[in-house]
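Asks: Fold the following.
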Amino acid sequence: MPSGSASTPEPRIDDTVPHSARVWNLLLGGKDHYPVDRAAAEGICAVFPGMTDIARHSRHMLARAVRYLTSEAGIRQFLDIGTGLPTADNTHEVAQRVAPECRVVYVDNDPLVLVHARALLTGSPEGATDYLEADVRDPDVILREAARTLDLTRPVGLMMMGILGLVPDDEEARSIVRRLVAALPAGSHLALYDGTDTDPAYVEAIRAYNAGSGAAPYTPRSLEQITGFFDGLELLEPGVVSVPRWRPEPHPWGEPPEVACAGGVGRKG
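Replies: Down below sits the predicted model:
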């Protein structure tokens, strides 16, 4: 197993400005956050109480997508960009339950995630799990460093869950996806979700967060814009939908809810 960033010196963590990974960790019930993150989360939830539901349903979609990719698509390598802080059902845990030989590279630019890298570097002995500190805007760096752990001549599951909203320019975001997908072979899959502009209360909560937190701004997108990230790929059923409705698991409580976050999975032919 590669040692990855385990020997990297402990980075300086700025606890005066909220960070999306820490705010998301709080919404998921985690403990890795600071007062500034809690204040930001409380501000969002005061305007839009459904934010916690978005976080949890998004996490559940990630797990379902990874199970699909390992169980049905035969993927054994994952590049998870914008992974955030460790919580329940991380990508490597879900994948390696199905196929212990899976290899997973996590990418994030939050120094606190680097501090927790050792928790991520505990995959199955048959597989490998590594962490890169890099920004989604540097796809060439990500690909070069990921190639130390992944064989980029074989299919890869590219996970971009909630990260492209941090790239406000739509063309730049689409360019990042194109560059990453272009470097992967046929049979690779893109799994992606992001916040949508479908709920005015959610849009207002994000606007207030962007204006008042000092954190990197987040940009909700239309369903059409999110669907556009899959251009050139075979978009799998049911297409780009609200995250609870992407291949939901059977339950007795009726139709899954609609939330202001949508995603899908596409295959490179």
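
Asks: burial of H57, as a residue count?
Replies: Summarising burial for H57: neighbours were counted as other CB atoms under 10 Å, giving 23. All C-beta atoms are positioned from the backbone trio N, CA, C, and that covers glycine.

Asks: scratch that, R137
Replies: Residues lying near R137 (other CB under 10 Å) number 14.

Asks: Can you name the next helix or strand after the lowest-mean-pLDDT helix or strand in the chain?
Replies: With mean pLDDT, DSSP states H and E as the measure, the helix or strand of the chain carrying the lowest mean pLDDT is helix 117-120 (a mean of 67). Next along the chain after helix 117-120, taking DSSP states H and E as the criterion, comes strand 128-133.

Asks: Just the CA atoms of that following strand, as CSV, please.
Replies: Only the C-alpha atoms of strand 128-133 are listed here, as CSV (Å, rounded to 0.1, in the frame of the first residue of the first chain):
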residue,chain,number,x,y,z
ALA,A,128,-4.9,0.3,-1.6
THR,A,129,-6.1,3.6,-0.3
ASP,A,130,-4.3,6.9,-0.7
TYR,A,131,-4.8,10.6,-0.2
LEU,A,132,-3.7,13.6,-2.3
GLU,A,133,-3.8,17.2,-1.2
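
Asks: packing partners for it?
Replies: strand 103-108, helix 111-115, helix 117-120, helix 139-146 (3 or more CB pairs under 8 Å, 6 or more residues apart in numbering; DSSP states H and E).

Asks: quick one, strands of this protein?
Replies: For the chain, the strands identified by DSSP state E occupy 77-81, 103-108, 128-133, 157-161, 189-195, 234-235, 241-242, 261-267, in order along the chain.

Asks: List the strands paired with the last one, with their directions.
Replies: What that stands for is strand 261-267. In the sheet containing strand 261-267, its partner strands are strand 189-195 (antiparallel), strand 234-235 (antiparallel), strand 241-242 (antiparallel), by DSSP bridges.

Asks: contacts for that strand?
Replies: Residues external to strand 261-267 that are found in contact with it (CB atoms under 8 Å, 6 or more residues apart in numbering): 54, 57-58, 61, 65, 68-69, 73, 161-162, 187-196, 198, 223, 226-227, 230, 233-236, 238-243, 246.

Asks: re the thing from before, which stretch among the strands of the chain comes nearest Y209?
Replies: With CB to CB, the closest approach to Y209 among those belongs to strand 189-195: 11.0 Å.

Asks: wait, P256 sits on W246?
Replies: No. With contact defined as CB atoms under 8 Å, P256 and W246 do not form a contacting pair (9.0 Å).

Asks: Pick out whichever of these two has more residues nearby.
Replies: W246 (26 against 17).

Asks: who touches the nearest residue to the more buried one once chain neighbours are set aside in this structure?
Replies: Once its chain neighbours are removed from consideration, W246 has its nearest residue in M61; the separation is 5.2 Å (CB to CB, 6 or more residues apart in numbering). Residues counted as contacts of M61 (CB under 8 Å, 6+ apart) are 161, 193, 243-244, 246, 263.
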